[in-house]
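Colleague: This is a predicted model, with the sequence first.
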Amino acid sequence: MGGFPADDPLVRQALALIRLQVLTPLSVLVSIGASLVCAIVVRPTMGEISKNHPTSLTPLNLMVGIYWLVLWLMLVGYCVLLVIARKEETKATIVHGVGLRFVIANWFLAFWSIAFALQAFIAALVLLSITLLLLLSVWVTLVFHPPHLSRPLDFVCIHAPIRLLTMALLMLALPHAVFLAVGWVDKLKAPEGGGDVDWGKWAWPAFGFIVGLNTVGLINVAWKRDVISALAGVWLVLSIGLSRPKPAPVFAAVILFTVLYPLTWIAAFAWATLRKGESEGRIVLPPDEEERLVQDEEAVA
């Protein structure tokens, strides 16, 4: 490395990119592999554990599976983009916008899958919280590296999967993990020897989680006109509502945000378009022309 100045920002960025080209695919592979093993191979599977510990926030396994499949395909695309990226803006987004935090988040996500499969719900909650903090920090730094029409792969392979993963963990996995960790589990069947079915007891805490977290999601959709977050929000709340049975407060919250997410995005998009049209419709005169018009008006007066 004697021929390359170590203090050159471009050299440091190139070295960081090389590290990410090695570490990121490995972490994604480990994360996906751990999730698949815990969801399909290990008994009980993650889906069976959720079914055996039903809560007011338990989602429909089929919808969750489709969501993760789309997300994994995008993450594979991100790994490919790491290798084929040629534009400096894309490289800067990968190195400075995503960086090693995403690698670490993937490892924690793999450990979370294992902890969940072992039914160590408190440990799973801790691991999930750390993963979510890392992903939120990545989301924030990506704000300073926005996608552009000239770089569509940046949006599809970088911004979109980060948003989808963060939305899934924040809106769905985190509240569900909290319910399991504190024991807010419904009893959908009467216990052996007789007894009452204890169902819907924690409906209002579930309502609070759905309303609180998805309100944050709506603010993001309105502020950034984020269509990915809007689509993810609708899919995730529907995955909760379509998993029956659900108490009335939870079902009401699901219907509310299923409607609010697309309406908020449409309203934000329409408002931005209107403002853009107003600004483009204004005629800005050159200073000399403006002064001449003022003088002509004074002469007429």
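Modeller: Ah, there it is.
Colleague: Only C-alpha atoms from now on, for both contacts and neighbour counts.
Modeller: Fine.
Colleague: okay, now the residue nearest to L17 when sequence neighbours are not counted: neighbour count?
Modeller: With sequence-adjacent residues excluded and distances taken as Cα to Cα, 6 or more residues apart in numbering, L17 is closest to V95, at 6.0 Å. By the measure other Cα atoms under 10 Å, the count of residues near V95 is 21.
Colleague: V95 and L15 touch, don't they?
Modeller: No. Using Cα atoms under 8 Å, V95 makes no contact with L15, being 9.6 Å away.
Colleague: A168: what's it in contact with?
Modeller: Residues near A168 by Cα atoms under 8 Å, 6 or more residues apart in numbering: 232, 236.
Colleague: Could you tell me how far the host helix or strand of it lies from the centre of the chain?
Modeller: Mapping A168 onto the secondary structure by DSSP states H and E places it in helix 160-168. With Cα atoms, centre = their mean, to the nearest Å as the basis, helix 160-168 stands 3 Å off its chain's centre.
Colleague: Pull the residues that contact the strand or helix carrying L213.
Modeller: In the assignment (DSSP H and E), L213 maps to helix 203-224. For helix 203-224, contacts defined as Cα under 8 Å, 6+ apart pick out 56-57, 170-171, 175, 226-227, 229-230, 233, 247-250, 253-254, 257, 260-261, 264-265, 267-268.
Colleague: Now, of those residues, which are buried?
Modeller: The neighbour-count test (16 or more other Cα atoms under 10 Å) marks 56-57, 170-171, 175, 226-227, 229-230, 233, 247, 249-250, 253-254, 257, 260-261, 264-265, 268 as buried among these.
Colleague: Sort out for me which of these are in helices.
Modeller: 175, 227, 229-230, 233, 249-250, 253-254, 257, 260-261, 264-265, 268 (DSSP state H).
Colleague: If you drop the residues flanking it in sequence, what lies closest to A230?
Modeller: Y261 (5.3 Å).
Colleague: gap between the one you found and A267?
Modeller: Going from Y261 to A267 by Cα to Cα, to the nearest Å gives 10 Å.
Colleague: How about L180?
Modeller: Distance from L180 to A267, by Cα to Cα: 37 Å.
Colleague: doesn't L231 make contact with L164?
Modeller: No. The criterion here is Cα under 8 Å, and L164 misses it with L231 at 9.2 Å.
Colleague: more crowded one of those two?
Modeller: Taking other Cα under 10 Å, L164 and L231 do not tie; L164 has more neighbours (21 against 16).
Colleague: Now do the contacts for that one.
Modeller: By Cα under 8 Å, 6+ apart, L164 lies in contact with 71, 228-229, 232.
Colleague: Repeat the analysis, applying 10 Å as the threshold.
Modeller: Neighbouring residues of L164 by Cα atoms under 10 Å, 6 or more residues apart in numbering: 67-68, 70-71, 74, 170, 228-229, 231-233.
Colleague: next one: I240
Modeller: Contacts of I240 (Cα under 10 Å, 6+ apart): 56-61, 63-64, 172, 210, 246, 250-251, 254.
Colleague: Out of the residues you listed, which one has the lowest pLDDT?
Modeller: The lowest pLDDT within the contacts of I240 belongs to K246, with 86.
Colleague: Could you find the closest non-adjacent residue to it?
Modeller: Counting by Cα to Cα, 6+ apart, S56 is the residue found nearest to K246 once chain neighbours are left out, at 6.1 Å.
Colleague: Remind me which helix or strand Y67 belongs to.
Modeller: Assigned by DSSP H and E, Y67 falls within helix 61-84.
Colleague: quick check: angle from that helix to helix 160-168?
Modeller: Here the directions of helix 61-84 and helix 160-168 differ by 150 degrees (axes from the mean of the first three to the mean of the last three Cα atoms, to 10 degrees).
Colleague: Only the buried residues of helix 61-84, if you could.
Modeller: Counting neighbours by 16+ other Cα under 10 Å, helix 61-84 gives 61, 63-64, 67-68, 71-72, 74-79, 81-82 as buried.
Colleague: Okay, now stretch 220-235: how far is its last residue from its first?
Modeller: For stretch 220-235, the first-to-last residue distance is 16 Å (Cα to Cα).
Colleague: Fine, thanks again, bye for now.
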